[in-house]
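*Asks:* This is a predicted model, with the sequence first.
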Amino acid sequence: MLYQRRYSGLDEARLSALARSLAKGLFPGAFLALYGDLGAGKTTFVKALAGELGVEDVQSPTFTIVREHREGRLPLFHFDAYRLDSGEELFAIGFADYLGQGGVIAMEWCENVPDALPQDRLELHFTGSGDEPRQLDIRAAGPLHEALLEVLP
């Protein structure tokens with residue numbers, strides 16, 4: 001996996017605009033692996049991305065692990081692995097079924113389940129939090145996810 005793009009000095013508006021741009025290129029089976037500390041912008045990014053897909057009322061799935069949104073252009077499965085200790089736990093709740101449904105998976109806290117992540121994915125590494133500007137490093141693995149970089153400004 002190679003470093004592909006870096007965005008610095010992102011406020012919430014610029015972060016949301018970037019997410020909306022990315023959403024335009026999403027395809028069935030796209031996997032977005034989101035990394036970063038609390039308050040780094042992961043959920044904000046997913047909400048903006050979901051809005052562009054036609055999905056409303058996106059909330060953090062911290063306590064439910066996954067929230068399903070089927071009303072948009074593509075189904076969106078928003079995972080939060082914060083409370084998980086392994087990929088085994090993720091698969092125990094039916095993760096393999098989600099991988100085969102042809103939707104977009106956006107997973108926060110992927111660092112907790114590295115053994116469960118598909119090799120073909122887009123990684124989004126967020127740094128910064130609160131009112132400070134954020135940085136986003138995006139890395140792509142696999143030709144489909146590498147093509148997503150072309151829709152980004």
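*Replies:* Done, it's in.
*Asks:* which helices and strands does the helix or strand of the chain with the lowest mean pLDDT pack with?
*Replies:* The helix or strand of the chain with the poorest confidence is strand 2-10; it has a mean of 85 (mean pLDDT, DSSP states H and E). When contacts are defined as 3 or more CB pairs under 8 Å, 6 or more residues apart in numbering; DSSP states H and E, strand 2-10 sits against helix 12-23, strand 134-141. The C-beta positions use only the backbone N, C-alpha and C, and glycine is treated the same way.
*Asks:* Please identify which of the ones you listed is closest to residue 126.
*Replies:* strand 134-141 (5.7 Å; CB to CB).
*Asks:* contacts for that closest one?
*Replies:* 1-11, 15, 18, 40-41, 119-128, 146, 148-149, 152 (CB atoms under 8 Å, 6 or more residues apart in numbering).
*Asks:* got the buried residues for stretch 123-131?
*Replies:* For stretch 123-131, the neighbour count (16 or more other CB atoms under 10 Å) marks 123, 124, 125, 126, 127, 128 as buried.
*Asks:* List the contacts of the closest residue to the second one other than its chain neighbours.
*Replies:* What it means is residue 124. Leaving aside its chain neighbours, residue 124 sits nearest to residue 34 (5.0 Å; criterion: CB to CB, 6 or more residues apart in numbering). By CB under 8 Å, 6+ apart, the contact set of residue 34 is 42, 45, 46, 106, 107, 108, 109, 110, 124, 126.
*Asks:* Next, the buried residues of the least confident helix or strand of the chain.
*Replies:* Buried-residue list, strand 2-10, by 16+ other CB under 10 Å: 4, 7, 10.
*Asks:* I'd like the residues you listed written out as TSV, with distance to residue 26 added.
*Replies:* Formatted as TSV, the buried residues of strand 2-10 follow (distance: CB to CB, whole Å):
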residue	distance to residue 26
4	16
7	18
10	20
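*Asks:* I am finished for the moment; much appreciated.
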